[in-house]
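Asks: Sequence and computational prediction follow.
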Amino acid sequence: DNKLLFENKSKFLLVHASSGFKHSLKEALQDPMVQARLVDTKASEEVRALEDFYKMLKHEPAKAFYGPKHVAMAVEADAVEILLVSDKLFRAQNVSERKKYVELVDKVREVGGEVKIFSSLHVSGEQLDQLSGLCAILRFPMQELEDTDDSDSD
């Protein structure tokens, strides 16, 4: 048993986290040493994509939207550069709802956009779920979306 452990010793990293709880995983994954080692993994891509979304939301809010209504409007305008989708949305009980999200993903890919599907089991996926599970970084600012109220969204 120890032989396997010693063979993979080079893959282990010592990383500081402020606590031992699940939310500290995000903190550990943001460590530059960890990101350098995980550069090719899906989890690392998800964390980076979500960070990019938050940066865009902070610095250029007219190019970052979340929620089904705003994202659908941006997709219709062919404005979505990167679509962030939680895998939870594809497991909805309602078939028509699942179909709606599949169509959004297909439309974004059709016009050359990038789609990142997040695992709801990962910390970044949980964060995305808190933002409705659907976020978009746009190619160009859409001021009219900012002015649209999302309260009547489904």
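Replies: Structure received. Please read all numbers here as calculations on a predicted model, not as lab measurements.

Asks: Now do the same for the residue nearest in space to the middle of the chain: helix, strand or coil?
Replies: Nearest residue to the geometric centre of the chain (CA atoms, centre = their mean): Leu84, 4.2 Å. At Leu84 the chain is in strand, as set by DSSP: H, G, I helix; E, B strand; the rest coil.

Asks: Pop out the phi and psi values for the nearest residue to it once chain neighbours are set aside.
Replies: In space, and not counting its chain neighbours, Leu84 is closest to Cys135: 4.2 Å by CB to CB, 6 or more residues apart in numbering. All C-beta atoms are positioned from the backbone trio N, CA, C, and that covers glycine. Main-chain torsions, Cys135, degrees, to the nearest 10: phi -140, psi 150.

Asks: OK, contacts around Cys135?
Replies: 50, 53, 64-66, 71, 83-84, 128 (CB atoms under 8 Å, 6 or more residues apart in numbering).

Asks: try it again with 6 Å
Replies: 53, 66, 84 (CB atoms under 6 Å, 6 or more residues apart in numbering).

Asks: Neighbours of the first one, how many?
Replies: Here the number of neighbours of Phe53 (other CB atoms under 10 Å) works out to 23.

Asks: Where does it sit: helix, strand or coil?
Replies: helix.

Asks: how near is it to Leu84?
Replies: Noted for Phe53: a distance of 6 Å to Leu84, by CB to CB, to the nearest Å.
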